[in-house]
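**Student:** starting from these lines, generate the structure:
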Amino acid sequence: FRNPQSDIPPEFSYQTWETALMQAAQLAQRERFVLILDEFTYVMQADSEVPSIIQKVWDHHLQQSNIFLILTGSLAGIIQRAALDYRAPLYGRATARLKLQPLPFGALTRFLPQMSTEQRVAIYAMAGGIPAYIKRFDDSLTVRENMYERLLSPANVMLSDAVFLLGEQLNDPRNYMAIIETIAAGYHQLTDIARMAGMSPNHVTKYLAVLRELGYVQRIVPATVRHPERSKKGRYVISDPYLRFYYRFLQPHLGEIEYGRIKRVVDYLETHLVDYIGAHTFEELCREWINIKVDLAGFPFLPERVGSFWSRQRRWTL
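**Tutor:** Below is the predicted model:
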């Protein structure tokens, strides 16, 4: 179709990717033309040659045109590894890489307007700021009712998405899962993680670097440390709220959920959820509140670092 404003017959399809991209290059000769390939990860899974085809057309035609090419995907690791990494077809050709961040806690008010702040905090502890997960919950129900009817429903993708995310994006997913499970179980020092995961510290360090790059894990140090990158007080924590909740509460009880012992799991969740929120979610929301205040000029000074504090004299737990 030479006129992008014209109606496209529903049965229309380009014969090849190269033909479609050449058409885009032609349309972009005279004016700015935006081309968005949404969920590019699924495109690559269907045809692994597409990044190479884009490279060929880009180098010979698209680069000199007025095209604005956007590749999007929910599995960032696959795009990075298959298209943008060194030796990948599109290496060095991206002009910008944007990572869409989860929604802040305040956004839950629009999704769950009938819930109290306390109830929204509980939902945030389970789903984080991922809209697809937040929309699984019903603000006309209590938190317990939501856990029973929504969270632990066999149809809820939250019961399987964690394994899918790691399995699709990473090589050796079992090792990554073992590391995340170990951190979720309360082991945060590198040596402890390696020992409990059954790996050498050198191997664990490499896996942790990938998890940190994907935003699933972070290394934290006391906020008062002047040189955090050199500090030996570093601890690894799961920064993704959903993954942290999944490996702390859902994954250990998948067997009971599959057998239909939902009430038993809900009772366990209800018993431990408040302590869990106090150890994880509340601290995160406090840091978020401080950063918002700073942005709104609500602080009389500009904080150098916002974080937690612990020492040998004061026990700190996650």
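**Student:** point out where the stretch 201-318 of the chain drops to low pLDDT.
**Tutor:** 313-318 (pLDDT under 70).
**Student:** for it, just list every one of the strands.
**Tutor:** 217-220, 235-238 (DSSP state E, counting those that start in this stretch).
**Student:** just these: most buried one?
**Tutor:** Compared across those, strand 235-238 shows the largest average neighbour count, a mean of 21 (mean count of other Cβ atoms under 10 Å). Backbone N, C-alpha and C define where each C-beta goes, glycine included.
**Student:** gap between the residue nearest to A162 when sequence neighbours are not counted and T271?
**Tutor:** Closest residue to A162 apart from its sequence neighbours, by Cβ to Cβ, 6 or more residues apart in numbering: Y246 at 4.3 Å. To T271, Y246 is 18 Å away according to Cβ to Cβ, to the nearest Å.
**Student:** so between those two, which is more surrounded?
**Tutor:** Using other Cβ atoms under 10 Å as the criterion, Y246 and T271 rank with Y246 on top: 25 against 9.
**Student:** give me the number of residues near Q26?
**Tutor:** By other Cβ under 10 Å, neighbour count at Q26 equals 13.
**Student:** sorry, back to before: any idea which of the strands of the stretch 201-318 of the chain gets closest to S160?
**Tutor:** Closest approach to S160 among the strands of the stretch 201-318 of the chain is made by strand 235-238 (17.9 Å; Cβ to Cβ).
**Student:** can you list the strands that that closest one pairs with?
**Tutor:** With DSSP bridges as the test, strand 235-238 is paired with strand 217-220 (antiparallel).
**Student:** using CSV, write out every CA atom in the strand it pairs with.
**Tutor:** Written as CSV, here are the backbone C-alpha positions of strand 217-220 (Å, rounded to 0.1, in the frame of the first residue of the first chain):
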residue,chain,number,x,y,z
VAL,A,217,17.8,-8.1,41.4
GLN,A,218,19.8,-5.2,42.8
ARG,A,219,22.8,-4.9,45.1
ILE,A,220,22.2,-2.5,48.0
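**Student:** which residues does that strand contact?
**Tutor:** 179-180, 183, 208, 211-212, 234-240, 307-308 (Cβ atoms under 8 Å, 6 or more residues apart in numbering).
**Student:** right, I'll leave it there.
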